[in-house]
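[1] from the sequence below, what's the structure:
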Amino acid sequence: MARDHFSANTIKSCLHILDTLFDKAVRKRPIVSNPISKALKRELRPYLKASSTDVKAFTHEEAQAFLEAAKDRRLYRFYWWAS
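    Below is the predicted model:
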């Protein structure tokens, strides 16, 4: 799981979903313990913190290129308004 590929929120969401599913499986007894251990959570902790590089705004040129590429899309007006 590389930080380069997933945001901290994506990793948190996946971890939460898996932890919840495994807890439910333990309660219903198809498995005896949750493999999402405290040790694994501790190991993943550095990936769960957002870094300053997680969000980057478009440059003016990138925004113009995006709007040009999206001009035939259903949400174009929203993109244009948000820019």
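[2] next SSE after the longest helix along the chain?
    Secondary structure of the chain read by DSSP state H shows that its longest helix is helix 8-28. Where DSSP states H and E defines the elements, the next helix or strand beyond helix 8-28 is helix 38-44.
[3] next SSE after that next one?
    Helix 38-44 is succeeded, C-terminally, by helix 60-69 (DSSP H and E).
[4] any chance you could give me that following helix in PDB, C-alpha atoms only?
    What follows is helix 60-69, C-alpha atoms only, in PDB (Å, rounded to 0.1, in the frame of the first residue of the first chain):
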ATOM      1  CA  HIS A  60      -4.600  28.200 -14.400                       C
ATOM      2  CA  GLU A  61      -3.500  26.300 -17.500                       C
ATOM      3  CA  GLU A  62      -4.500  23.000 -16.000                       C
ATOM      4  CA  ALA A  63      -7.900  24.300 -15.100                       C
ATOM      5  CA  GLN A  64      -8.400  25.700 -18.600                       C
ATOM      6  CA  ALA A  65      -7.300  22.300 -20.200                       C
ATOM      7  CA  PHE A  66      -9.700  20.500 -17.800                       C
ATOM      8  CA  LEU A  67     -12.600  22.700 -18.700                       C
ATOM      9  CA  GLU A  68     -11.900  22.300 -22.400                       C
ATOM     10  CA  ALA A  69     -11.800  18.500 -22.100                       C
END
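[5] perfect, that will be all.
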